[in-house]
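>>> Using only what follows, build the 3D model:
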Amino acid sequence: GLAQVDTYYYRAYSTNTIGTSYGAVKTFLTLSMPRVSTDSVIGVTASTAICYGNVASAGVTVITNRGFCYSTSQNPSISNSTVVPATANSTGTYACSLTGLASGTTYYVRAYATNSVGTAYGVQMMFVTP
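Residues are numbered from 1 along each chain as shown. Next comes the predicted model:
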């Protein structure tokens, strides 16, 4: 339940009948997930689509992977089909081509980015191949 990207202070203490004794003050910084957005899906054909996304912030740690996940079921995740750009470990805008799609099919896609804290997802977009 700790807030992301926040500094916390703590110290040990012990109480007995004489009083309370405190240890040295220590700090730690909580880490955060990346901030990622699914920007658009364009150029949809019977078997391909081009997706654009953006990793606006890596969080406190570096990006280890980014790309798009897609499925014929809603809320795709990295356990579904994925595609990654040539630069998969950076922030900023990126594009990927989805290939081998089935014609006349509804697909759901969303951008994702992973750092040492976990994987964050952009909003889901839907498209139908002609």
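>>> so where do the strands sit in this protein?
7-10, 13-15, 20-22, 26-29, 35-42, 49-57, 65-71, 81-83, 92-98, 106-114, 119-121, 125-128 (DSSP state E).
>>> helices or strands up against the fourth one?
Packed against strand 26-29, as judged by 3 or more C-beta pairs under 8 Å, 6 or more residues apart in numbering; DSSP states H and E, are the following elements: strand 7-10. To be clear about C-beta, it is placed using only N, CA and C from the backbone, and glycine gets the same treatment.
>>> Partner strands of the strand it packs on, with direction?
strand 26-29 (antiparallel) (DSSP bridges).
>>> Under the pLDDT cut-off, which ranges of this protein? List them.
4-5 (pLDDT under 70).
>>> try 80
1-7, 28-31, 60, 88 (pLDDT under 80).
>>> coming back round to it: would you reformat the strands of the chain as CSV and include mean neighbour count and distance to Gly1?
Conversion of the strands of the chain to CSV gives the following (neighbours: other C-beta atoms under 10 Å; distance: least, C-beta to C-beta, whole Å):
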stretch, mean neighbour count, distance to Gly1
strand 7-10, 10, 12
strand 13-15, 9, 21
strand 20-22, 9, 24
strand 26-29, 10, 15
strand 35-42, 17, 20
strand 49-57, 20, 22
strand 65-71, 22, 27
strand 81-83, 16, 31
strand 92-98, 16, 32
strand 106-114, 22, 23
strand 119-121, 19, 19
strand 125-128, 14, 31
